[in-house]
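Enquirer: output the structure for:
(3 chains)
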Amino acid sequence: MSHDPGYNFAYLDEGTKRMIRRTLLKAVAIPGHQVPFGAREMPLPYGWGTGGIQVTASILGRDDTLKVIDQGADDTTNAVSIRRFFARVAGVRTTTRTAEATVIQTRHRIPEAPLREGQVIVYQVPMPEPLFRLEPRLAETRRMHALADYGLMHVKLYEDIARHGHVSTAYNYPVMVGGRYLMSPSPIPAFDNPKMDHMPALQLFGAGREKKIYAVPPYTSVRSLDFEDHPFRPHRADGTCAFCGARDSYLDEVVCDDQGSRMFICSDTDYCESRWEPEQ
Amino acid sequence: MMRPGFHDPVPEAQGCFRAMLDAMSRPGRVHTLDVALDAPPPLAPATAAVLLTLADAETSLHLMPDGAAAGDWVRFHCGSAPASLPEASFVLSLGIHPPLSALRQGSEEAPEQGATLICQVRSLTEGEGWRLAGPGIRDFHHLRVEGLAADFLQQWAAQRPAFPRGVDIILCAGRQLAALPRTVTIEEG
Amino acid sequence: MAYVAVKGGEAAIANAHGWMAERRRGDPEVPALSTRQVEEQLGLAVDRVMAEGACHDRGLAALAIKQAQGDLIEAAFLLRAYRTTLPRFGHAAPLDTGAMRVQRRISAVFKDLPGGQLLGPTLDYTHRLLDFALAAEKEAPPEPAAEIPGDAAGRLPRVADFLVREGLMRREADSGQEPPDLTRDPPDFPASRAARLQNLARGDEGFLLSLGYSTQRGYGNNHPFVGEIRQGKVAVRFTPPELGFEIEIGAITVTECEMVNQFQGSKSEPAQFTSGYGLVLGRGERKAMSMALVDRALKAGELGEDRTAPAQDEEFVLMHSDNIEATGFVEHLKLPHYVDFQSELEVIRRMRSTAGTSATGSEA
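Expert: Numbering: from 1, shown residues only, chains lettered A, B, ... in the order given. Prediction:
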C-alpha cells in the first residue's frame, strides 16, 4: 500500500516530526512529566485525537501495523476516521488484532490482551493535567508538579471516602508514575489502570489542544492513588459478555428495549471476537 | 566536497528515531542502525544519523572539540544554532565528553530543558559490564561502554539526586547506539 | 444481532458525508454559488474567516465559506488546517500602520485632528431596516457614491502620539525581544505582550466582544475612549535571506484600533492615560475594538491594578479565546463516551447502594 503523494509520509512535515520526536525522547526520559510541544493544527478537530495523531504520525514507519480503537472498539466512528487518515497519508498496514499491531492508538481504553515488548500504545488525551479540576491554572499546577506537591489530590480523594465511603472517580483515575509524577492516565476506566503498571510496551500520551506530550517507559511503576485503609479497587460491571461469555473483560451496558432490559458486551471488540471466532 | 546526509531522509530518519526511542525506553539496549550513511570522519555513522534525526535550525548545538573536522558537515546538514556548553540543547562530544554538570540541567518546572549529550564512544557491548536499573528495565540490563570519562559513574551518580533535572545521553559507536535517560541507575558490573 | 448497532461505522461515515454534500449544494435548480461571488458579496464574512483562520487569502477564505455552508467557525478551521501545511519562510517586518493608505479613519476623542476624520465605508448610521430591494430577482446596481474620496496617502499622525508627546500617556516601546510564534511555541504564562496580541488577533470575535463588553460594565473597570480606528491597506515587507534586503511583497487590508483609557495611577505609576491595542486582518472593526478593550484589561498586571475580572485574567482569556480549539473540544462531547459513562454508572450505583445501606442502618 502506498501513501497519498499529495502529502508528506504520515502528513506532518519533517521539521514538525523532528520537534515531536525530540519531545518524545524527553518525555520518556522523565516518566509522567508533561512536556510542552508546539502542537500543530491538524485536519481533524481539536479534542478528536489530534495529540495522539501527531504522536503516531511522528513514530510511524512503513513497516508498522497500526490499530486504532475508540472505547475499546475498532469500528467506532472516530476510530474508523483516524485509521482511514493514516491508511491514506502513510499507507501503512492496519489491523484490528491487538497481537498483530506494532502501534496502537487508543481513546479511553487499554486492550484486554496484555501488550508486549516492541509494541507502542499511543493514548489520545483531552486534559493532560491530572489536577485540572482542582486547580485549572497551568502556572499553578506546573509549580505543584515541580514541588511534587500533590496534597490537593489526596485531600480530594480523602473527602470522597469520607462522604461516600469510596472514591467517586471512575475514569481518568490519577496515578503516580515512577514514584515522582502525578499523571492523568487519560479517560480510561479505572479498571484499566492496573494494566499500565510495569507494562512491557511503551506508553505515549498526546494532548494536541493542550499541547503536551508525556510518556511511561516499559516496566515502570504506575500506581493508582489510594490509602492504606482504602486500597484502590478497579471496578467493572458485574456481568458476563452476552457474546463471548467473558467474565474478566470490561463491559459495555446496552439497553435492549424500552422496558429497560439490558445486556452486557465486551468493550474490547477484538478480545470478544478472538474468544468466539474459533467456536464458529 | 560536502558529503551527503540521508539518502532517503523520511524513512531513514524514522527508522533511526524508532531505534533511539526504543533505546531511551530500554536503557542499555544496543541498537544497530540500518542506514547507508557516508559520514565524514571522525563522525561514526550512528552519531551522524542521530544528528540528522534530531537536530535542526530550531535546536542549539555545542560541538566538542570545537574545531572538529566534521563541523562543516554538521552545520550544513543540521543548521543548528551554535551555543555555549551550558546553553546548548544538544552537545555533541567526539572526544572525551565534558563533565555532565557543565551541561544545561533544566529547571524543576521544565526539566525537559536538560540537555541531550550525544556522545561518540569506542564501543558498546550489551550483556556485560555495568548493571543498569530503573524505568524501562524489568530486572537489570548490562552494558559495557568503552570511551567515557574515567569518573563517569561518579558524575552520573552526582546528577541523580537532582532528578527530575539532569542530562540524558545517547551513546554512539560505529553503527550502534544506546541511551542513558536520567532515570537510570548504574552500578559497576 | 444487536452488534449491528456498533458495527458499520465506515459505511455510516461515508453516507453522512454524502448527505452533507447534498445539503451543501441545496436545490440543484438554484444556480451554484461561485467563490468569486462569496469573495465580492460576502466580504465581511471573508474577512472574519481570514482573521480567525489566521491566513490572509481572500480566495481561500471564500472557498472555505462555500465548503462550510456559511459556518464561519468551520470555515476558519478549514483555513487553519490548510495554513499549517504551508512552509514558513520567515517573518515580515512589523506593519507600518502609520503609513496606511486609509479608507476610514475616525477618532472619538478629538473633534478634528491632522489628517481629518474620514468616515469611509461603514454601516454606522445606517438604519437597520431590511432592504427588500435586495431580495428582488434583479438587483439594481447601487448608485455610485456622490464623491469617492481617494485613499488618503502619506503618513497620518496617531492620536496616541499626541498624548504621549504631552506626557499624558505611557509610551509603548518595542521590547526588542524576538516575538514568539504561537503556531509553533506552546503557551507560557505570564505571556509576553507580543504573544498576547497574537493570540487575541486570532481569537474568536464573539468571545472578545463579550469580554470587552464586560469591562464596560464594571468587570475590570476600563474607562475606554476610541482614540482612533483606522482601516485601509498597508504594505507587507519581508527580507528574503537570499536577497539580504527588504522588499515589499504586497499590501493587505487591516483594521487597527487604539483605545485610550483613564488610569488613576498606582504606587508605581502617576495618573495618566493608557492604551489598549487591536489589529485585525481585513475589515473587522468590531473585533479590533473588542481586542483593544481586552488588551487594556490584560495590562492590569503590569500596571499594578487588582486583577479581579475575567477579562483581566491572562491565562483564562488566552486559553479560551481560540474558537478552533474551543469548538473541537466542545463538539468532541458528541464522540462516544460509553466506556467512561459505564464506569460512572457503576460508581453511582455503588454509592447509592452504600447510601441505602447506611440509611437503613440508621433507621434500625
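
Enquirer: give me the pLDDT for C:Glu242.
Expert: The predicted structure scores C:Glu242 at 82 on the pLDDT scale.

Enquirer: check which helices and strands the helix or strand encompassing A:Ala87 sits against.
Expert: Using DSSP states H and E, A:Ala87 falls within helix A:77-89. Contact analysis of helix A:77-89 by 3 or more C-beta pairs under 8 Å, 6 or more residues apart in numbering or on different chains; DSSP states H and E lists helix A:50-59, strand A:65-70, strand A:93-94, strand A:103-107, helix C:9-25 as its packing neighbours. The C-beta positions use only the backbone N, C-alpha and C, and glycine is treated the same way.

Enquirer: adding distance to chain B, write these out as a markdown table.
Expert: As requested, the helices and strands packed on helix A:77-89 are exported to a markdown table (distance: least, C-beta to the nearest C-beta, whole Å):
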| stretch | distance to chain B |
| --- | --- |
| helix A:50-59 | 6 |
| strand A:65-70 | 14 |
| strand A:93-94 | 15 |
| strand A:103-107 | 10 |
| helix C:9-25 | 28 |
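
Enquirer: show me what from chain B comes close to chain A.
Expert: Proximity of chain B to chain A (C-beta under 8 Å from any C-beta of the partner chain) is limited to residues B:9-11, B:13-15, B:17-18, B:20-22, B:24-26, B:53-54, B:56, B:58-59, B:107-109, B:111-112, B:114, B:116, B:135-138, B:163-164, B:168, B:181-183.

Enquirer: which other residues reach the lengthiest strand in chain B?
Expert: In chain B, assigned by DSSP state E, the strand with the most residues is strand B:123-133. The list of residues contacting strand B:123-133 from outside it, by C-beta atoms under 8 Å, 6 or more residues apart in numbering or on different chains, reads B:27-30, B:139-147, B:153, B:171, B:173-174, B:176-178, B:180, B:184-189.

Enquirer: do stretch C:320-336 as well
Expert: Residues lying outside stretch C:320-336 but in contact with it, judged by C-beta under 8 Å, 6+ apart, are A:41, A:45-48, A:50, A:70-71, A:76-78, A:107, A:126, A:209, C:52, C:73-74, C:76-77, C:80, C:199-200, C:202-204, C:206-208.

Enquirer: same thing with stretch A:133-144?
Expert: Among residues not part of stretch A:133-144, those counted as contacts by C-beta under 8 Å, 6+ apart are A:129, A:131-132, A:149-150, A:152-153, A:156, B:109, C:187, C:189-190, C:315, C:319.

Enquirer: tell me which helix or strand comes right after the top strand by length along chain C.
Expert: Secondary structure of chain C per DSSP E: the longest strand is strand C:247-263. Next helix or strand after strand C:247-263 toward the C-terminus (DSSP H and E): strand C:272-281.

Enquirer: partner residues bridging the residue nearest to the spatial centre of chain A?
Expert: For chain A, the residue whose C-alpha lies nearest the mean C-alpha position (C-alpha atoms, centre = their mean) is A:Tyr123; its distance is 3.2 Å. With DSSP bridges applied, A:Tyr123 shows beta-bridge pairing to A:Thr106, A:Phe205.

Enquirer: what's around A:Val125, how many residues?
Expert: Taking other C-beta atoms under 10 Å in any protein chain shown as the criterion, the count of residues near A:Val125 is 28.

Enquirer: and C:Trp19, by the same measure?
Expert: Using other C-beta under 10 Å: C:Trp19 sits among 10 other residues.

Enquirer: do the same with C:Gly26
Expert: C:Gly26 has 11 neighbouring residues, counting by other C-beta under 10 Å.

Enquirer: need the pLDDT of it.
Expert: The predicted local confidence for C:Gly26 comes out at a pLDDT of 94.

Enquirer: what do you get for the one 4 residues further on?
Expert: Residue-level confidence at C:Val30 comes out at 94, pLDDT.

Enquirer: okay, it and C:Thr84: tell me how far apart.
Expert: 34 Å (C-beta to C-beta, to the nearest Å).

Enquirer: repeat for A:Lys17
Expert: If you measure A:Lys17 against C:Thr84 using C-beta to C-beta, the figure is 14 Å.

Enquirer: in what helix or strand does the residue lying closest to C:Ala311 once chain neighbours are set aside lie?
Expert: Sequence neighbours aside, C:Ala297 is the residue nearest to C:Ala311 in space, at 3.9 Å (criterion: C-beta to C-beta, 6 or more residues apart in numbering or on different chains). C:Ala297 belongs to helix C:285-298 when assigned by DSSP H and E.

Enquirer: returning to what we had before: now for the contacts of stretch A:133-144, which pair is the farthest apart?
Expert: Largest separation among these by C-beta to C-beta: A:Lys156 and C:Pro190, giving 27.5 Å.

Enquirer: neighbour count: these two, which is higher?
Expert: Neighbours of A:Lys156 and C:Pro190, each counted by other C-beta under 10 Å, are more numerous for A:Lys156; the result is 17 against 13.

Enquirer: skip the chain neighbours and tell me the closest residue to the more buried one.
Expert: If you skip the residues right next to it in sequence, A:Lys156 has A:Leu134 as its closest partner in space, 6.0 Å away by C-beta to C-beta, 6+ apart.

Enquirer: show me which residues of the stretch 51-200 of chain C sit near chain A.
Expert: Within the stretch 51-200 of chain C, the positions adjacent to chain A are C:77, C:80-81, C:83-85, C:87, C:183-190 by C-beta under 8 Å from any C-beta.
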